[in-house]
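**Student:** Please work out how this folds:
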Amino acid sequence: MNEKVVLIGAGSAAFTRGLLADMIRSEWRGELALVDIDDEAGRVAEGLARKMVAAAGSSLKVSRAMDRHRALPGATVVICTIAVGGRRAWEQDVIIPRRYGIYQPVGDTVMPGGSSRALRMIPAMVAIARDVVELAPQALFINYGNPMSAVCRAIRKATGADVIGLCHGVPDAARNLARLLDTPLDAFQYTAVGINHLTWFTGVASDGKDLMPRLRAMARDKAAADLPPEAFGLLKWGGDAVTMLQEQPFTWRLTDLFGAYPVPGDRHVTEFFGRMFSGRSAYFGKTLGQDAYTFEGVIAAGDRAYATMKEMAL
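**Tutor:** Coordinates of the predicted model:
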């Protein structure tokens, strides 16, 4: 059977390079069909893919289309990484609520930003799902777009399509937690339950040895330290992962409170508990005049990633 992966939203600065690298490293020999309604983004993705394939000496076949209807027939896997409106729309999801005193570290899952993003994403993703059901009914259908849980639920409810939502947050958190607990990753085991961006590790172990008592003891110590609000402004996105993991006051407070470890970290988790910790009307994301996480930094990093991708491709 000839395998064909269709990547819809191929101009993604967040996912495309990693997916390409994984396919090439795995020595996969099928066809990769790149789809993006933005012609420039599609050309960037195609150029990058062809250069990566050539550099690796891979036999992976690359094609491109702006219309998904041309690419979907014969697909065995369909992966969606679309973001309707891109980073410019995402900025408004966060900036507009700020005018009314609502601060969001991310704004892509819940709170006003998550609701606004859902209103953009769900109609587009339902339309894609209907096309997948019609043109590639046997394909494995994967969604990376946020708000992931809401998008997947809407697809399932509206179309009946079997869709799988994926996010790197849980495996990344597991990798960093294993390092924090000084445990080899290949020996690290965990049980994860919940929804995207609010997932709970209810059990962690190393080769079967229960590490939850140790993790809960760490949480008690960190919760007792009661990190002052003015320190929140020191927690910058993009630092060493393990150092950042140790400086997640709300993650540790929740672990101490519930006995389970929430992932993928304060940036996402706290948006589900907007008033839980501050004791005041202002959302935790801005306390004593400081933003806990630099949303503008995340957007700028995405712009730089796309610029680098474009420079490499064209």
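**Student:** Can you list the low-confidence ranges for the protein?
**Tutor:** 1, 224-247, 274-293 (pLDDT under 70).
**Student:** residues of the longest helix anywhere in it that come out buried?
**Tutor:** For the chain, the helix reaching the highest residue count under DSSP state H is reported as helix 111-135. For helix 111-135, the neighbour count (16 or more other C-beta atoms under 10 Å) marks 111-114, 116-118, 120-122, 124-126, 128-129, 131-133, 135 as buried. The C-beta positions use only the backbone N, C-alpha and C, and glycine is treated the same way.
**Student:** And for stretch 185-202?
**Tutor:** For stretch 185-202, a neighbour-count test (16+ other C-beta under 10 Å) marks 188-190, 192, 194-201 as buried.
**Student:** Point out the ones among the residues you listed that are inside strands.
**Tutor:** Judged by DSSP state E, the buried residues of stretch 185-202 include 188-190, 192, 194-195, 198-201 as members of strands.
**Student:** got the residues you listed as a markdown table, with distance to P262 columns?
**Tutor:** Listed next are those as a markdown table, based on distance: C-beta to C-beta, whole Å:
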| residue | distance to P262 |
| --- | --- |
| F188 | 17 |
| Q189 | 18 |
| Y190 | 13 |
| A192 | 10 |
| G194 | 8 |
| I195 | 11 |
| L198 | 6 |
| T199 | 7 |
| W200 | 6 |
| F201 | 8 |
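**Student:** same for the helix or strand containing I299, what does it pack against?
**Tutor:** Using DSSP states H and E, I299 sits in helix 295-313. Where contact means 3 or more C-beta pairs under 8 Å, 6 or more residues apart in numbering; DSSP states H and E, helix 295-313 is packed against helix 39-56, helix 86-98.
**Student:** Among the ones you listed, which comes closest to V151?
**Tutor:** helix 86-98 (14.8 Å; C-beta to C-beta).
**Student:** Just the CA trace of that closest one, in CSV.
**Tutor:** Extracted C-alpha coordinates of helix 86-98, given in CSV (Å, rounded to 0.1, in the frame of the first residue of the first chain):
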residue,chain,number,x,y,z
GLY,A,86,-2.3,33.2,12.3
ARG,A,87,-0.3,35.1,14.9
ARG,A,88,-1.9,38.4,14.1
ALA,A,89,-5.3,37.2,15.1
TRP,A,90,-3.8,35.5,18.2
GLU,A,91,-2.4,38.8,19.3
GLN,A,92,-5.9,40.3,19.3
ASP,A,93,-7.2,37.4,21.4
VAL,A,94,-4.8,38.5,24.2
ILE,A,95,-4.5,42.3,23.6
ILE,A,96,-8.2,43.1,23.4
PRO,A,97,-9.1,41.4,26.8
ARG,A,98,-6.2,43.3,28.4
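**Student:** elements contacting that helix?
**Tutor:** Under the contact criterion of 3+ C-beta pairs under 8 Å, 6+ apart, helix 86-98 touches helix 111-135, helix 295-313.
**Student:** Mind listing residues that contact it?
**Tutor:** If you take C-beta atoms under 8 Å, 6 or more residues apart in numbering as the criterion, helix 86-98 is touched by 83, 103-104, 106-108, 111-114, 116-117, 120, 295, 299, 302-303.
**Student:** Same check on stretch 28-43?
**Tutor:** Outside stretch 28-43, the residues that touch it by C-beta under 8 Å, 6+ apart are 2-11, 20, 23, 45-46, 49, 59-68, 71, 75-76, 313-314.
**Student:** in the one helix or strand T255 maps to, what counts as buried?
**Tutor:** Applying DSSP H and E as the criterion places T255 in helix 249-258. Within helix 249-258, the residues that count as buried by 16+ other C-beta under 10 Å are 249-256.
**Student:** do the same with stretch 140-154
**Tutor:** For stretch 140-154, the neighbour count (16+ other C-beta under 10 Å) marks 141-152, 154 as buried.
**Student:** Right, I'll leave it there.
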